[in-house]
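A.B. asks: When you get a sec, could you give me coordinates for this:
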Amino acid sequence: MNKRDFLKALGIGAGAVSLSTIARAGDYIATAGKLLKGSVLKAGDTIGLIAPAGAVEDEESITMAKEVFSYFGFSVKEGKNLRARYGNLAGTDQQRLEDLHGMFADKSVKAIVCIRGGNGASRLLQHIDYDLVANNPKILLGYSDVTALLLAFYAKVGLVSFHGVVGISTWSNYVAKLFKDQFFDNKLASFENPKKSDSQIIQYKDRIQTITPGVVEGTILGGNLTLLAGLCGSPYLPDFRDTILFIEEIDEKSDRLDRMFCQLMNTGILSQIKGFIFGKCTNCGPSGGYGALTVEQMLNDYIKPLGIPAYSGAMIGHISDQFLMPVGVRARMDATLGKIEYLERSLI
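C.D. replies: Numbering: from 1, shown residues only. Presented below is the predicted three-dimensional model:
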């Protein structure tokens, strides 16, 4: 089945997409010279809730996600296949793609939130109707496996998306404030790790480690290391020149981490970036045998020789109080202070 027949079978035919206002999606950034951005949200707007990767494990997860968005005053539209299951995936590729396309095509949906990550988003990339996305730019929020969508949408059509909490995340007051600041008020985001408490004489928790000091400006891109490495050599990986790269990971052994860092080096990505931020590597550890490289040793091997501003320990990744990072806009990073300041608004 070719792409046209595939999309027709999903009910997303050529008639659903107008190409009169933009170039073909693959050439969008080069010809249009600007980014695509979603719109500021307000109470009463409709949020589309989808599962583009792993299966939703229980009904309570959906209930709690809907309660979160009700707290902000939103209505929630569930993807038709939100509860579907195909192995470990949230339905077949066709079902998950149908929900993704449906939310972008639906004019009443103002933002799309992924209920979880997991595995499987990369399976969709070659079948996505990028012209549909380009003609209907919207907020897309997620992280972990959703990295595949965030990077592909930026690479193919220049869509600014958001690396942060998913529907089943723990939505603390800290996260809720970041959400309001970003999506209601369209503030220029600024992130630093929480400071030590008054009862402590030094910082013990959530420390940053400067790899190479300095301040740099560039386009912020990044996400999960496994997904980033998996996109190497594909047309869904952005150009990393003039960028600040951030990465995070979970449940990976040291030998696999080293292999992925090596892949970023061998493909030339590390030699292109201007700055580097390493977030949290949750539950990462040695792989056994004769011992293992530490994450710190890997950063010293792969990042320090670049001589670019770089630090580790940022609140990015599989943690509760994580930063909400716009992907694809300009920012300034201070590797000495561990501070990220956005220079461009992420919404219109």
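A.B. asks: Export the lengthiest strand in the chain to PDB, keeping only CA atoms.
C.D. replies: Looking across the chain with DSSP state E, the single longest strand is strand 215-224. Coordinates of each C-alpha in strand 215-224 appear next as PDB, following Å, rounded to 0.1, in the frame of the first residue of the first chain:
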ATOM      1  CA  VAL A 215      27.800  30.900  27.800                       C
ATOM      2  CA  VAL A 216      26.400  30.000  24.400                       C
ATOM      3  CA  GLU A 217      23.300  30.800  22.300                       C
ATOM      4  CA  GLY A 218      21.600  28.500  19.800                       C
ATOM      5  CA  THR A 219      18.500  26.600  18.900                       C
ATOM      6  CA  ILE A 220      17.500  24.100  21.600                       C
ATOM      7  CA  LEU A 221      17.000  20.500  20.300                       C
ATOM      8  CA  GLY A 222      17.100  17.200  22.100                       C
ATOM      9  CA  GLY A 223      15.200  14.500  24.000                       C
ATOM     10  CA  ASN A 224      15.800  10.900  24.900                       C
END
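A.B. asks: Tell me which residues of the following helix or strand past that strand come out buried.
C.D. replies: For strand 215-224, the succeeding helix or strand toward the C-terminus, using DSSP states H and E, is helix 225-230. For helix 225-230, burial by neighbour count (16 or more other C-beta atoms under 10 Å) applies to L225, T226, L227, L228, A229, G230. To be clear about C-beta, it is placed using only N, CA and C from the backbone, and glycine gets the same treatment.
A.B. asks: How about the contacts made by the most centrally placed residue in the chain?
C.D. replies: The residue lying closest to the centre of the chain (C-alpha atoms, centre = their mean) is H163, at 3.3 Å. Neighbour list for H163: G142, Y143, T147, L150, G222, G223, F246, I316, L324, M325, P326, V327 [criterion: C-beta atoms under 8 Å, 6 or more residues apart in numbering].
A.B. asks: of these, closest to A335?
C.D. replies: Minimum distance to A335 across the contacts of H163 is 12.0 Å, recorded for F246 (C-beta to C-beta).
A.B. asks: how many neighbours does P235 have?
C.D. replies: 11 (other C-beta atoms under 10 Å).
A.B. asks: which residues sit in contact with D206?
C.D. replies: Here D206 is in contact with N193, P194, G313, M315 (criterion: C-beta under 8 Å, 6+ apart).
A.B. asks: Quick one: neighbours of the closest residue to the third one other than its chain neighbours, just the number.
C.D. replies: So that's G313. Taking C-beta to C-beta, 6 or more residues apart in numbering, and ignoring the residues beside it in sequence, G313 has I208 as its nearest neighbour in space, at 4.0 Å. Residues contacting I208 under the criterion other C-beta under 10 Å number 20.
A.B. asks: give me the number of residues near the residue lying closest to C232 once chain neighbours are set aside?
C.D. replies: What sits nearest to C232 in space, not counting adjacent residues and going by C-beta to C-beta, 6+ apart, is T267, at 4.7 Å. Neighbour count for T267, taken as other C-beta under 10 Å: 16.
A.B. asks: Isn't T267 up against G233?
C.D. replies: Yes: using C-beta atoms under 8 Å, T267 is in contact with G233, at 7.0 Å.
A.B. asks: Return the closest of the buried residues of helix 225-230 with respect to L35.
C.D. replies: Of all these, L228 has the smallest distance to L35: 20.1 Å, by C-beta to C-beta.
A.B. asks: can you pull the contacts of that closest one?
C.D. replies: By C-beta under 8 Å, 6+ apart, the contact list for L228 reads T147, L151, G222, L237, I247, M260, L264.
A.B. asks: For the nearest residue to the fourth one once chain neighbours are set aside, grab phi and psi.
C.D. replies: The shortest distance from L237 to any residue that is not its chain neighbour, by C-beta to C-beta, 6+ apart, is 4.3 Å, and that residue is L231. Backbone torsions of L231, given as degrees, to the nearest 10, read phi -90, psi -10.
A.B. asks: ok, now the one 5 residues further on?
C.D. replies: When read as degrees, to the nearest 10, the backbone of Y236 gives phi -100, psi 10.
A.B. asks: Look at it and report its pLDDT.
C.D. replies: Note for Y236: predicted pLDDT of 97.
A.B. asks: what about it, distance to K156?
C.D. replies: Using C-beta to C-beta, to the nearest Å, one gets 7 Å for the distance from Y236 to K156.
A.B. asks: Compare neighbour counts for those two and give me the winner.
C.D. replies: Neighbours around Y236 and K156, counted as other C-beta under 10 Å, are more numerous at K156. The numbers are 23 against 20.
A.B. asks: Can you name the element that comes right after the helix or strand hosting the more buried one?
C.D. replies: If you go by DSSP H and E, K156 is part of helix 147-157. On the C-terminal side of helix 147-157, the closest following helix or strand by DSSP H and E is strand 161-163.
A.B. asks: average pLDDT for that next one?
C.D. replies: Averaging the model's pLDDT scores along strand 161-163 yields 98.
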